[in-house]
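[1] curious how this folds, go ahead:
(one chain, ligands or ions: 1)
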Amino acid sequence: MRYRPLGGTPLQVSVLALGCGNFGGIGSVPELFGRGDDRDTAFALMDAAREHGITLFDTANAYGGGTSEEWVGQWLASRRARADVVLTTKVRNRVGPHPADEGLSARHIREQIDASLRRLGTDRVDLYLAHAPDPRVPIDETLSAFDEQVRAGKVRYAGLSNYAGAELVAAAGAAASNGMTLANLQSGYSLLDRAAAGNFPLCAEHGIGFTAHSPLAGGWLSGKYRAGQPFPEGSRMTLRPEPYQQWRNADTYAAIGALDRMARDRGLALAALALAWVLTDPGVTGAVIGPRRPEQVAQAVAALDVTLTDDQRSALVARTSSR
Ligand SMILES: NC(=O)c1ccc[n+]([C@@H]2O[C@H](COP(=O)([O-])OP(=O)(O)OC[C@H]3O[C@@H](n4cnc5c(N)ncnc54)[C@H](OP(=O)(O)O)[C@@H]3O)[C@@H](O)[C@H]2O)c1
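    Predicted structure coming up:
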């Protein structure tokens with residue numbers, strides 16, 4: 001495993017982070033609570049991650065309706081592993097039926113950090129992220145509430161997720177003028193979804209580390225989805241297809257086929273090449289992976305050994321650009 005400081009902070013994190021978004025559900029979607037990985041699988045994935053030196057774990061208050069945080073907390077206690085893990089969780093997505101059960105208001109953040117700490121069985125989260133912008137709440141209110149949690153010792157570093165463009169500029173500017181550190185931006189980034197790269201210069205300027213979630217585009221860059229064939233049973237596209245509809249077209253299938261051939265020419269699985277493309281980006285601190293089985297953790301770790309020159313990286317992008 002390789003380790004790097006997270007943005008401008010002294011916090012060392014593994015370049016691969018274990019995504020816990022499939023534990024007890026598929027992300028924050030209530031209809032899928034109880035689906036995704038069961039507790040035994042979640043524990044096996046966390047064990048495998050630890051064996052491979054992955055120290056950065058990524059969950060959220062809303063994943064699996066709180067089940068993901070609970071299982072991470074139970075695993076940390078049973079393995080006495082809290083000191084070895086850099087724990088990330090998030091706040092913003094809906095956690096209950098009432099209008100106030102979501103968002104980035106100071107009140108909601110105060111309630112939710114305590115709920116997360118309880119489920120995680122710890123007294124401090126290492127990285128606390130705003131899961132997505134909340135246009136109803138001024139950014140100053142959200143950042144002040146995060147700062148309050150840092151000062152209270154409940155949060156080590158604050159950060160953002162899924163912020164881009166003007167919202168990211170506003171958040172970074174407000175943090176700088178309040179003397180507050182934003183340690184991390186976590187957004188989707190993969191060969192099929194490269195828009196987040198537009199934020200890398202701002203992240204570099206402000207010392208914000210960038211972690212890429214969904215580096216395999218939710219599984220599309222594993223090559224498991226083939227034109228004219230049904231989606232494999234139990235795959236993401238059979239459970240939660242909504243975020244990926246833009247890729248259900250002939251151009252994307254052709255691009256994935258071309259990338260797959262390039263991977264095979266190098267003796268690699270497409271998933272390894274696609275992950276390596278993310279990890280070799282100079283704007284990227286690390287990638288939040290979403291393995292479903294322990295051997296997929298090992299496959300992700302193997303991608304760390306894949307070197308790509310700038311020209312090779314550009315050639316991979318060119319294969320996707322006709323889409
Ligand atoms: N901040 C946010 O808003 C946000 C959003 C999304 C994700 N995340 C975080 O990022 C993590 C990863 O996201 P993601 O699940 O979308 O990541 P991903 O790596 O793009 O996709 C994961 C999917 O790819 C397939 N897969 C994974 N490893 C594989 C391998 N070695 N070979 C073949 N297929 C493989 C599995 O598909 P099947 O399930 O179909 O088998 C798995 O569910 C989440 O757990 C969460 O912690 C954060």
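[2] show me the shaky parts of the stretch 201-323 of the chain.
    Across the stretch 201-323 of the chain, residues meeting the criterion (pLDDT under 70) sit at 322-323.
[3] can you show me the helices along it?
    Applying DSSP state H, counting those that start in this stretch to the stretch 201-323 of the chain gives helices spanning 236-239, 250-265, 270-279, 294-302, 310-320.
[4] before we move on, what SS does Asp47 have?
    At Asp47 the chain is in helix, as set by DSSP: H, G, I helix; E, B strand; the rest coil.
[5] swap in the one 3 residues further on?
    Counting by three-state DSSP, the backbone at Arg50 sits in helix.
[6] contacts only, for it.
    Arg79, Ala81, Asp84 (Cβ atoms under 8 Å, 6 or more residues apart in numbering). Quick note: C-beta positions are derived from backbone N, CA and C, even for glycine.
[7] filter these to the buried ones?
    Buried subset of the contacts of Arg50 (neighbour count, 16 or more other Cβ atoms under 10 Å): Ala81.
[8] give me the subset of the contacts of Arg50 that also touch the ligand.
    Checked against the ligand using Cβ under 6 Å from any ligand atom, the contacts of Arg50 give no members in range.
[9] ok, so of the contacts of Arg50, who is nearest Ser314?
    Taking Cβ to Cβ as the measure, Asp84 is the one of the contacts of Arg50 closest to Ser314, at 37.8 Å.
[10] which residues touch that closest one?
    So Asp84 contacts Arg50, Thr55 (Cβ under 8 Å, 6+ apart).
[11] can you read off the pLDDT for it?
    Note on Asp84: pLDDT of 96.
[12] so it versus Trp75, what's the distance?
    Distance from Asp84 to Trp75, counting by Cβ to Cβ, to the nearest Å: 12 Å.
[13] ditto for Gly36
    Taking Cβ to Cβ, one finds Gly36 at 16 Å from Trp75.
[14] more neighbours, those two?
    When neighbours are counted by other Cβ atoms under 10 Å, Gly36 and Trp75 differ, and Gly36 comes out ahead with 25 against 22.
[15] for the ligand, what is the nearest residue in the stretch 1-150 of the chain?
    Gly19 (2.3 Å; Cβ to the nearest ligand atom).
[16] what about Pro230, how many neighbours?
    10.
[17] could you list the residues of this structure in contact with the ligand?
    Residues of the chain lying near the ligand (Cβ under 6 Å from any ligand atom): 19-22, 58, 131, 161-162, 186, 213-219, 222, 235-236, 271, 288-292, 296, 299.
[18] got the residue ranges for the strands in the protein?
    With strands called from DSSP state E, the chain shows them at 3-5, 12-14, 16-19, 56-58, 86-91, 125-130, 155-161, 182-188, 209-213, 286-289.
[19] what packs against the third one?
    The one in question is strand 16-19. Under the contact criterion of 3 or more Cβ pairs under 8 Å, 6 or more residues apart in numbering; DSSP states H and E, strand 16-19 touches helix 39-51, strand 56-58, strand 286-289, helix 294-302.
[20] try it again at 10 Å.
    Counting contacts by 3 or more Cβ pairs under 10 Å, 6 or more residues apart in numbering; DSSP states H and E, strand 16-19 packs against helix 39-51, strand 56-58, strand 86-91, strand 209-213, strand 286-289, helix 294-302.
[21] can you check the second one too?
    The elements that strand 12-14 packs onto, with contact taken as 3+ Cβ pairs under 10 Å, 6+ apart, are strand 3-5, strand 56-58, strand 86-91.
[22] direction included, what does the first one pair against?
    So that's strand 3-5. Its sheet considered, strand 3-5 pairs with strand 12-14 (antiparallel) by DSSP bridges.
[23] so what's the gap between the strand it pairs with and the chain middle?
    14 Å (Cα atoms, centre = their mean, to the nearest Å).
[24] got a list of contacts for it?
    If you take Cβ atoms under 10 Å, 6 or more residues apart in numbering as the criterion, strand 12-14 is touched by 1-7, 49, 52-57, 85-86, 88, 126-127, 183-184, 209, 211, 285-286, 301, 304.
[25] check the offset of stretch 237-247 from the chain's centre.
    Its chain's C-alpha centre and that of stretch 237-247 lie 17 Å apart, by Cα atoms, centre = their mean.
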